[in-house]
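> got a sequence here, can you build the structure:
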Amino acid sequence: MDVKKNIFILTGAGISKESGIQTFREKDGLWDNHRIEDVCTVDAFLRNPDYVNNFYNQRRKTLTEAKIKPNSAHKNLAILENYWKGEFILVTQNIDNLHEQGGSKKIIHMHGSLDKAYCMNCLNKINLDFDLSTNYQCEKCKKKGEVRVDVVWFGEQPKNLDLIYKYLERTDIFISIGTSNNVYPAAGFIDFICNQQRRVELIEFNIEKTNKSSLFEKSIIGPASVTIEKFVREIVRD
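Okay, the predicted model is just below:
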């Protein structure tokens, strides 16, 4: 693989699941235990902010548990980033910070991040390392109860889509890791590339094949912690 080319890496819940983070969509996942309309919409936050805050406070606390650490896939993607000579961008659908903990720097959180928050009144952004509550006062506008976790809720636009599509337009290599390819707009990235009618190397890493697997040149099945480590070692060794 030519490390001077442009590479775009998309990651999904599968890569974090191996680190012990509960996913939303699988059986017994977070959506089985919570109704989407109760914890993942603006209306839910306006209706019952404490309930919504507590849901995300608990999600964030899981990231500080001793057993939740970046796995080999996270670490090896950081190794690949440092080794890569061309343009490198990692776009994740995950709201954890395991990529950052693993050493990644060139990363876009298209669905936001649990360790960030912002004020709905003045849009002031803050780093979030404490539990949010309706008693929290925005440091900028001084209003209480207006600060929310900076994750994308249902009905909201994913973050940095214009920038993401610019990367997609010029990438030479597209790699999808641990994503079901069912959640849009990320599920449509592979279609966007295929419709450009130009040569792009397409590689999928997943625990099982998806409904988009036929669009990839290579579909590598297995745990990302194993398959990504092998993939990166072969590139770095060459």
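> give the contact list for the spatially closest residue to residue 50 that is not a sequence neighbour.
Residue nearest to residue 50 in three dimensions, not counting chain neighbours: residue 134, with 5.8 Å by Cβ to Cβ, 6 or more residues apart in numbering. All C-beta spots, glycine's among them, are computed from the backbone N, C-alpha and C. Residues near residue 134 by Cβ atoms under 8 Å, 6 or more residues apart in numbering: 49-50, 53, 144-145.
> swap in residue 40?
Contacts of residue 40 (Cβ under 8 Å, 6+ apart): 153-154.
> any idea of the pLDDT on it?
Per-residue pLDDT puts residue 40 at 92.
> mind checking how far it is from residue 112?
According to Cβ to Cβ, to the nearest Å, residue 40 and residue 112 sit 11 Å apart.
> go on, residue 136?
On the measure of Cβ to Cβ, residue 136 and residue 112 end up 18 Å apart.
> got it, and residue 211?
26 Å.
> between these two, which has more neighbouring residues?
Set residue 211 next to residue 112 and count neighbours by other Cβ atoms under 10 Å: residue 112 wins out with 19 against 10.
> check contacts around the spatially closest residue to the more buried one that is not a sequence neighbour.
Closest residue to residue 112 apart from its sequence neighbours, by Cβ to Cβ, 6+ apart: residue 151 at 3.7 Å. Applying Cβ under 8 Å, 6+ apart to residue 151 gives the contacts 56, 95, 111-114.
> wait, a strand at the residue nearest to residue 50?
No. Looking at residue 134 with DSSP: H, G, I helix; E, B strand; the rest coil, it is coil, so not inside a strand.
> helices of the chain, residue ranges please.
Remark: helices assigned in the chain by DSSP state H are 13-17, 30-33, 36-39, 42-47, 49-62, 72-83, 98-102, 161-170, 189-194, 224-237.
> so which of the ones you listed gets nearest residue 89?
Comparison of the helices of the chain against residue 89 by Cβ to Cβ identifies helix 161-170 as nearest, at 4.9 Å.
> so who does residue 172 touch?
Going by Cβ under 8 Å, 6+ apart, residue 172 touches 2, 5-7, 86, 199-201.
> ugh, wrong one, residue 152
110-112, 158-159.
> and residue 136, how many neighbours?
Neighbour tally, residue 136, other Cβ under 10 Å: 18.
> just checking, it touches residue 148?
No. Using Cβ atoms under 8 Å, residue 136 is not in contact with residue 148, being 10.1 Å away.
> now for the protein, the helix or strand with the poorest mean pLDDT.
Every helix and strand in the chain was compared by mean pLDDT, DSSP states H and E; the lowest is helix 30-33, with a mean of 53.
> was I right to think residue 59 contacts residue 113?
No. Using Cβ under 8 Å, residue 59 is not in contact with residue 113; the gap is 10.9 Å.
> name the residues contacting each of these two.
residue 95.
> just the buried ones out of the contacts of residue 152, please.
With burial judged by 16 or more other Cβ atoms under 10 Å, the buried subset of those is 110-112, 158-159.
> can I get the residues you listed in CSV including pLDDT and distance to residue 216?
Formatted as CSV, those follow (pLDDT from 0 to 100; distance: Cβ to Cβ, whole Å):
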residue, pLDDT, distance to residue 216
110, 98, 20
111, 97, 22
112, 97, 27
158, 97, 22
159, 97, 25
